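K.L.:
return atomic coordinates for the entry below.
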Amino acid sequence: MKFPHLFSPVQIGPYQLKHRVVLAPLTRMRASKPSLAPRPLNAEYYAQRSTSGGLLIAEASPVSATAFGAPAVPGIYTEEQIAGWRKVVDAVHARGGVIFLQLWHVGRVSHSSFQPGGALPVAPSAIAISQELKTSTADGKVVAYETPRALETSEIPGIVEAFRQAAKNALAAGFDGVEVHGANGYLLEQFIRPNSNIRTDKYGGSIENRARFVIEVAEATAAAIGKDKVGIRLSPYGVFNDMPLYPEMEADYTYLAGKLNEVGLVYVHLVDHSPQGAPEVPASIKRTFRNKFKRTLILSGGYDAKSAEADLATGKADLIAVGRPILSNPDLIERWKSDAA
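P.N.:
Sure, this is the predicted structure:
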């Protein structure tokens, strides 16, 4: 076989996978309106990509009505949404796939038009995304980002609870686990990064404080459904959604790697946005997670079969997540196996 490591079996928590290619979470904006529940098209899409017994990470799904920042993305906080996702999961399981749901809160990457009652989006601090960047309103107008409302300390446990309940809802829908979205400039990463978090309470200042919310979410979801069924996605050195680099970043993410290992999550999923023009994630960061986080490590970012095989063969990762190639080629696994175009 041309790619023996890529197509070797692997155990992730309680699940046996037949190969090491993961469907990365990809926002599709195909949910029904106004329920924001998945519909038959969602089930067809995931079923097409679930052959060959691999892991799929379903698209980011808001954990509450206030967690949205884009139109027609499927939620995971109502019975109707749970029922819609159940059809997706059943379709994937019928084809032998394992599927996790990515849990999402966008924080300041939203607009009042998406918020209940037209309220301002919430964030760690009242710091807007750069006015040079634009967003869309619920009715499609292109506008500057609004200045979000800083969360009160007393409100943060409620958001942790929303993640906990969303994890339980995901299992009620039949998902095999969840991935906490701690990447791409959304709420969890907004707490981690000092440019978006200037709080003076126990959630701001030192990295121990800035990482507190992330760890609380990880602990709560793991306690709700079991740590073998919870992963997390992180984007160190990512700059998406106005997340500039800063000198302490490597030290901060080194701290986070150790803390997530203590929580005992089933995997960490590191995304490298450099193929899309962002700074490259240093190899030292990837090695840090490989060494400090003792369970499964997933890497993603611009992989093809050859580069995925190389990083698996040298032990840099346990699984490789791919997005765009499998988006346009639902049968990507069979294409890579046969070295087809």
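
K.L.:
contacting residues around the most centrally placed residue in the chain?
P.N.:
Closest to where the C-alpha atoms of the chain average out (CA atoms, centre = their mean) is H181, at 3.3 Å. Under the criterion of CB atoms under 8 Å, 6 or more residues apart in numbering, the neighbours of H181 are 25, 60, 102-105, 188, 233. Every C-beta, even on glycine, is put in place using the N, C-alpha and C of the backbone.

K.L.:
roughly how far is the helix or strand hosting N42 from the heart of the chain?
P.N.:
Counting by DSSP states H and E, the element that carries N42 is helix 40-48. In terms of CA atoms, centre = their mean, to the nearest Å, the centre of helix 40-48 is found 20 Å from the chain centre.

K.L.:
so V178 makes contact with R233?
P.N.:
No: judged on CB atoms under 8 Å, V178 makes no contact with R233 at a distance of 10.8 Å.

K.L.:
report all helices and strands that the helix or strand harbouring Q165 contacts.
P.N.:
According to DSSP H and E, Q165 maps onto helix 156-172. Counting contacts by 3 or more CB pairs under 8 Å, 6 or more residues apart in numbering; DSSP states H and E, helix 156-172 packs against helix 79-94, strand 98-104, strand 177-182, helix 212-225.

K.L.:
any idea of the mean pLDDT in that helix?
P.N.:
Averaging pLDDT along helix 156-172 gives 98.

K.L.:
what of stretch 227-240?
P.N.:
Here the average pLDDT along stretch 227-240 is 97.

K.L.:
one more: stretch 104-118?
P.N.:
97.

K.L.:
in it, which residues are buried?
P.N.:
Neighbour-count burial for stretch 104-118 flags 104-115 (criterion: 16 or more other CB atoms under 10 Å).

K.L.:
try stretch 230-243
P.N.:
Of all the residues in stretch 230-243, those buried under the rule 16+ other CB under 10 Å are 230-238, 240-243.

K.L.:
buried ones in the helix holding Q165?
P.N.:
Buried residues in helix 156-172, counting neighbours by 16+ other CB under 10 Å, are found at 156, 159-160, 162-167, 169-171.

K.L.:
could I get those as JSON lines with distance to L260?
P.N.:
Supplementary listing: those in JSON lines, determined by distance: CB to CB, whole Å:
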{"residue": "I156", "distance to L260": "19"}
{"residue": "I159", "distance to L260": "19"}
{"residue": "V160", "distance to L260": "16"}
{"residue": "A162", "distance to L260": "20"}
{"residue": "F163", "distance to L260": "15"}
{"residue": "R164", "distance to L260": "17"}
{"residue": "Q165", "distance to L260": "21"}
{"residue": "A166", "distance to L260": "19"}
{"residue": "A167", "distance to L260": "16"}
{"residue": "N169", "distance to L260": "23"}
{"residue": "A170", "distance to L260": "19"}
{"residue": "L171", "distance to L260": "21"}
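
K.L.:
sorry, back to before: now the common contact residues for V178 and R233.
P.N.:
In contact with both V178 and R233: Q102, using CB under 8 Å, 6+ apart.

K.L.:
could you say which helix or strand holds Q11?
P.N.:
Q11 belongs to strand 10-12 when elements are defined using DSSP H and E.

K.L.:
name every strand pairing with the helix or strand just after that strand and say which way it goes.
P.N.:
Using DSSP H and E, the helix or strand that directly follows strand 10-12 along the chain is strand 15-17. Strand 15-17 pairs in its sheet with strand 10-12 (antiparallel), by DSSP bridges.

K.L.:
and the strand it pairs with, how far from the chain's centre?
P.N.:
In terms of CA atoms, centre = their mean, the centre of strand 10-12 is found 19 Å from the chain centre.

K.L.:
now stretch 189-206
P.N.:
Once both centres are worked out by CA atoms, centre = their mean, stretch 189-206 turns out to sit 20 Å from its chain's centre.

K.L.:
this structure: helices as residue ranges?
P.N.:
Secondary structure of the chain by DSSP state H: the helices cover 40-48, 79-94, 156-172, 187-192, 207-210, 212-225, 249-263, 283-292, 305-313, 324-328, 332-337.

K.L.:
just the C-alphas of the fifth one, formatted as PDB.
P.N.:
Listed next in PDB are the C-alpha coordinates belonging to helix 207-210 (Å, rounded to 0.1, in the frame of the first residue of the first chain):
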ATOM      1  CA  ILE A 207      -2.400  32.800  31.300                       C
ATOM      2  CA  GLU A 208      -3.700  30.900  34.300                       C
ATOM      3  CA  ASN A 209      -6.700  33.200  34.400                       C
ATOM      4  CA  ARG A 210      -7.100  33.700  30.600                       C
END
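
K.L.:
outside of it itself, list whatever touches it.
P.N.:
191-194, 197, 199, 201-204, 248, 251-252, 255-256.

K.L.:
and that helix, how far from the chain's centre?
P.N.:
21 Å.
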